[in-house]
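Asks: Below are the sequence and a predicted model; questions follow.
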Number of protein chains: 2
Amino acid sequence: MSLPGYLKGDSKLASSPITRDAFQAMQEAALFGEDDVKALRASRPILEPQVDQILDVWYGFVGSKPFLLKQFSHPDSGQPDPEYLGRVRARFGQWILDTADAQYDEDWLRWQFEIGRRHHRVGKNLTDAAVSTALIPFRYLLPLAQPIVQTLRPFLERTGGPTKTVDAMQDAWRKSVLLQVTLWSYPYVIAGDF
Amino acid sequence: MSLPGYLKGDSKLASSPITRDAFQAMQEAALFGEDDVKALRASRPILEPQVDQILDVWYGFVGSKPFLLKQFSHPDSGQPDPEYLGRVRARFGQWILDTADAQYDEDWLRWQFEIGRRHHRVGKNLTDAAVSTALIPFRYLLPLAQPIVQTLRPFLERTGGPTKTVDAMQDAWRKSVLLQVTLWSYPYVIAGDF
């Protein structure tokens, strides 16, 4: 499988600015534990066959908000760039699977910081040779955790599992997304304050 | 009522670096709407008589994590500062009521940015003349949204309302905390990237 711009596990990626111990303290702060790892992994076989439909919902949301669609659009013409949208969408699909895999090794940590750079002005557009906004403003990063996790619910429910099981999977997703968005914020934060 | 260091509505506070329209776009990104305002306000009479017990749970959590308790402790002796803890706790109680009030006017916005400064090195310790860590590291700010909202659940359930109503109140709290933590992040973020 070749996924343009997907670099998890690539030796060219910069090393993680935080240690795995530091990440573990973040997990503790978010009440993220072994049960969440299990719930995430249990969500993988449920979500994998639905990845395209999930992306349809998420991209439908982005497309419905001018201040979000702008982030994939040409700054002068205001026209959305279908190639940029398409390449990011394909990696977003893989991100669903990576999140469900819940493997917090050094490769995963490095990849999170690269994802952060691609939202920030240090790396946005570069991977996809796009011409668009200089960065996703920080003010939207964190709030967007909500639609991601909220709209996942019906997809998690589709196997008809008990509410308690679905709740556990959605909670684990919520915590994982919170933690990832925190890591993605790294390039936005003043040196030394992270 | 005199609450040391509580400055919501105080004319000395700096004006908000973002407009109310910009905050509204953030609310849209978080799927925060009128139903959430109603659910937050419905939570006020439920939570108000339980504020002290809620704070006991939250402070119990902070006290159980050395990397969190450190933020209220003397950097040399490592001893927690009971006066600092107590003053922050009293304002935290008022914060519960302010969050439930869901009044997003200019006074509220200005106060959120002041709360952010008190987490960051530009303002931590000053209000309470405390001697402690220079700042709450950014990496913990966002993850801590999870225990705040998660541990609120039994308190919201205590009136025996239907699950749907409790879910709506907890979701509204979740979105509001996400949005507030985003505003609190402002002093941590590189100028121009917020």
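Replies: Okay, I see it. All values reported here derive from a predicted model rather than from experimental measurement. Numbers count the residues shown, from 1 in each chain, chains lettered A, B, ... in the order given.

Asks: okay, CA-based contacts and neighbour counts for the rest of this
Replies: Noted.

Asks: quick one: contacts for the nearest residue to residue A:31 once chain neighbours are set aside?
Replies: Across the structure, with C-alpha to C-alpha, 6 or more residues apart in numbering or on different chains as the measure, the residue nearest residue A:31 apart from its sequence neighbours is residue B:147 (6.5 Å). Contact analysis of residue B:147 by C-alpha atoms under 8 Å, 6 or more residues apart in numbering or on different chains lists A:29, A:30, A:31, B:58.

Asks: And chain B, is the lengthiest helix in chain A touching that?
Replies: In chain A, ranked by residue count with DSSP state H as the criterion, the top helix is helix A:163-184. Yes: Helix A:163-184 is in contact with chain B by C-alpha under 8 Å from any C-alpha of the partner chain, via A:175, A:178, A:179, A:182, A:183.

Asks: tell me which residues of that helix are tucked away?
Replies: Within helix A:163-184, the residues that qualify as buried are A:165-166, A:168-184, counting by 16 or more other C-alpha atoms under 10 Å in any protein chain shown.

Asks: and what of stretch A:75-85?
Replies: By neighbour count, with 16+ other C-alpha under 10 Å as the criterion, the buried positions of stretch A:75-85 are A:80, A:81, A:84, A:85.

Asks: Helices of chain A, start to end?
Replies: Assignment of helices within chain A using DSSP H yields the ranges A:20-29, A:34-47, A:51-64, A:66-69, A:82-101, A:106-119, A:138-141, A:145-157, A:163-184.

Asks: Include distance to residue B:188 when you put the ones you listed into CSV, please.
Replies: Below are the helices of chain A laid out as CSV (distance: least, C-alpha to C-alpha, whole Å):
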stretch, distance to residue B:188
helix A:20-29, 17
helix A:34-47, 29
helix A:51-64, 26
helix A:66-69, 23
helix A:82-101, 27
helix A:106-119, 16
helix A:138-141, 11
helix A:145-157, 19
helix A:163-184, 12
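
Asks: any idea how far the spatially closest residue to residue A:90 that is not a sequence neighbour is from residue B:98?
Replies: Residue nearest to residue A:90 in three dimensions, not counting chain neighbours: residue A:3, with 7.2 Å by C-alpha to C-alpha, 6+ apart. From residue A:3 across to residue B:98, the span is 47 Å (C-alpha to C-alpha, to the nearest Å).

Asks: And these two? Which one has more around it.
Replies: For residue A:3 against residue B:98, the residue with the higher neighbour count under other C-alpha atoms under 10 Å in any protein chain shown is residue B:98, and the figures read 17 against 11.

Asks: What pLDDT does the model give the more buried one?
Replies: In this model, residue B:98 is scored at 98, pLDDT.

Asks: likewise residue A:1?
Replies: Reading off the model, residue A:1 has pLDDT 58.

Asks: same check, this time on residue A:159
Replies: At residue A:159, the pLDDT value in this model is 87.

Asks: Please list all residues in contact with it.
Replies: Residues touching residue A:159, when contacts are defined by C-alpha under 8 Å, 6+ apart, comprise residue A:46.

Asks: close enough to count as contact, residue A:109 and residue A:16?
Replies: Yes: taking C-alpha atoms under 8 Å as the contact criterion, residue A:109 and residue A:16 are neighbours in contact, 6.1 Å apart.

Asks: and chain A, which residues reach chain B?
Replies: Of all the residues in chain A, those in contact range of chain B (C-alpha under 8 Å from any C-alpha) are A:25-27, A:29-31, A:67, A:135, A:137-140, A:142-147, A:175, A:178-179, A:182-183, A:188-190, A:193-194.
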